[in-house]
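> Give me coordinates for this.
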Amino acid sequence: MSKSPPQQPCAPGVRLAKRGRWLHVTLAQPGLIDAEAERTLAQGIAEFPDRLEFAAFWAITRYNQQAYADAVRLLVQTLAASSANEGIQRYRRALLFYAGHLDEVW
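As a prediction, the model looks like this:
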């Protein structure tokens, strides 16, 4: 008898601090992002540009909206901005360049 893998919750959430209050971003179901979550993420990005978790969740949102190139671009930019990894930093300029040209064939 095989065991089923553990179920992922249908409504994962992320709480993000904002001036002593908590914003709650809810991804209602996989692939569905409500307007309130989009507004919250956009507000977080605008007000806290150094808080890269907003950009990472926005990338996931864009992926769920089937905007795959935009999602990858955002993730690569976030990685390049936040990683202390020597290899990432060595190729940072190239990664950022290609992130802006994902649909081009070289």
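
> what's the next secondary structure element after the longest helix anywhere in the chain?
Selection of the longest helix in the chain by residue count, based on DSSP state H, yields helix 68-82. On the C-terminal side of helix 68-82, the closest following helix or strand by DSSP states H and E is helix 86-90.

> Would you mark the buried spots in the next helix or strand after that next one?
As assigned by DSSP H and E, the chain's next helix or strand after helix 86-90 is helix 92-99. Buried residues in helix 92-99, counted by 16 or more other Cβ atoms under 10 Å: 92, 95, 99. Bear in mind the C-beta positions are built from the backbone N, C-alpha and C, glycine included.

> Can you name every helix or strand that the longest helix of the chain contacts?
helix 52-64, helix 92-99 (3 or more Cβ pairs under 8 Å, 6 or more residues apart in numbering; DSSP states H and E).

> about what we covered before: got a markdown table for the buried residues of helix 92-99, with distance to Phe54 and pLDDT too?
Conversion of these to a markdown table gives the following (distance: Cβ to Cβ, whole Å; pLDDT from 0 to 100):
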| residue | distance to Phe54 | pLDDT |
| --- | --- | --- |
| Arg92 | 21 | 96 |
| Leu95 | 20 | 96 |
| Ala99 | 18 | 94 |
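
> Just the closest of those residues to Glu47, please.
For the buried residues of helix 92-99, the residue nearest Glu47 by Cβ to Cβ is Ala99; the value is 23.7 Å.
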